[in-house]
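Visitor: just coords:
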């Protein structure tokens, strides 16, 4: 299967879900692939291809090659590798994973401020924001450079914990990438383990679209559903020939509640409840290990509390605690009776 897609494809997901495998199966011949390996997963692939006399066009074990390098040295090393690639030398460039290099863009901007702005704000906080914006723009320019010298660029990333304010949200993760990738990518895929197949499930974070000229002007057609099972390049090719368009998705194309929360970067009802429990425990000085127990007690409750004692038992508060909450919120105890976070009216 030859390459049928141009531009930037971003692939994310948990460890060992198959991001590297998905990337190398893009359709390009190994001799036409440049593989930059920051995750060591490509070592076995490169070795096996060498054994059958079909090596990568270029393979760089960046973990070994950049060992001991500090941020700027690592940045300049990778930059030299990019600059050494000639236009159309490869059909695909795979960078697995991208974030170790991307995270050197900010130190580079700080070290070389005159390359990005003539005048910086004298105020520290504003200057800091300007430097981060410059770093994102700089990263975007590096991605654009990659896309200008080859047909297909695939950047992979891991996941990182999600936060609301300065609080980590339990069991909530987001792709570890910057807005540069979010804006530049033509297609973004979140791979998940598939209990029914060795091939992963794919959640489409940024949908692929195809423009067409009709009697009414340009019309853009959505190619992929929000969920693909399995998520492979062969399946993507099938959708390219028969796009989902505006039809209703089939059963396997519908994300469940948890998957929809990943696509929309929201919380499920269980995650929201657990997070509220965590905030309440933190505010009252309870240890975090008590959160799960408290959450289970709430889930087991068949109905909202109907008495003051039941309310106190469930929240682990004393009557004095409730009085303090009422005072802090300028609410009467009767108003707290009528409306209490998480359980509604008494």
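Guide: Arrived safely. Worth saying up front: this structure is predicted, and the values here are computed from it rather than measured.

Visitor: and residue 35, helix, strand or coil?
Guide: At residue 35, secondary structure determined by DSSP: H, G, I helix; E, B strand; the rest coil is strand.

Visitor: What is the neighbour count of it?
Guide: By other C-beta atoms under 10 Å, the residues close to residue 35 number 26. C-beta coordinates here come from the backbone N, C-alpha and C atoms, glycine included.

Visitor: separation between it and residue 90?
Guide: For residue 35, the distance to residue 90 equals 10 Å [C-beta to C-beta, to the nearest Å].

Visitor: now swap in residue 252 and tell me
Guide: For residue 252 relative to residue 90 (C-beta to C-beta), the value is 34 Å.

Visitor: Residue 79 too?
Guide: Distance from residue 79 to residue 90, by C-beta to C-beta: 17 Å.

Visitor: Compare those two (neighbour count), which wins?
Guide: Shown here are residue 79 and residue 90; by other C-beta under 10 Å, residue 90 has more neighbours (24 against 15).

Visitor: excluding its backbone neighbours, what's nearest the more buried one?
Guide: Ranked by C-beta to C-beta, 6 or more residues apart in numbering and with sequence neighbours excluded, the top spatial neighbour of residue 90 is residue 34, at 4.6 Å.

Visitor: so what's that neighbour up against?
Guide: By C-beta atoms under 8 Å, 6 or more residues apart in numbering, residue 34 lies in contact with 56-59, 85, 89-90, 92-94, 150.

Visitor: swap in residue 254?
Guide: Residue 254 is in contact with 225-227, counting by C-beta under 8 Å, 6+ apart.

Visitor: Going by distance to residue 158, which of those wins?
Guide: residue 227 (21.1 Å; C-beta to C-beta).

Visitor: wait, the closest one sits on residue 204?
Guide: Yes - with contact defined as C-beta atoms under 8 Å, residue 227 counts as touching residue 204 (7.2 Å).

Visitor: Which pLDDT value goes with residue 56?
Guide: Residue 56 carries a pLDDT value of 96.

Visitor: With residue 296 instead?
Guide: 46.

Visitor: Run a quick neighbour tally on residue 21.
Guide: Other residues near residue 21 come to 15 when the count uses other C-beta under 10 Å.

Visitor: separation between residue 193 and residue 201?
Guide: Distance from residue 193 to residue 201, by C-beta to C-beta: 7 Å.

Visitor: what about the two, which has more around it?
Guide: Taking other C-beta under 10 Å, residue 193 and residue 201 do not tie; residue 201 has more neighbours (22 against 13).

Visitor: show me what contacts that one?
Guide: 191-194, 227-231.

Visitor: Look up how far residue 82 lies from the residue nearest to residue 90.
Guide: 10 Å.

Visitor: if I look at those two, which residues touch both of them?
Guide: Taking C-beta under 8 Å, 6+ apart as the contact criterion, no residue touches both residue 34 and residue 82.

Visitor: Helix, strand, or coil at residue 87?
Guide: Three-state call for residue 87 (three-state DSSP): coil.

Visitor: related to what we said a few turns ago, of the contacts of residue 201, which belong to strands?
Guide: Of the positions in those, 191-192, 227-228 sit in strands, assigned by DSSP state E.

Visitor: What's the separation between residue 74 and residue 35?
Guide: For residue 74 relative to residue 35 (C-beta to C-beta), the value is 18 Å.

Visitor: And for residue 258?
Guide: The value you get for residue 258 to residue 35, if C-beta to C-beta is used, is 32 Å.

Visitor: go on, residue 156?
Guide: Taking C-beta to C-beta, one finds residue 156 at 11 Å from residue 35.

Visitor: Overlap in contacts, those two.
Guide: 94, 96.

Visitor: show me the biggest strand of this protein in terms of residues.
Guide: strand 167-175.

Visitor: strands paired with it, and their directions?
Guide: Within its sheet, strand 167-175 is paired with strand 159-164 (antiparallel), according to DSSP bridges.
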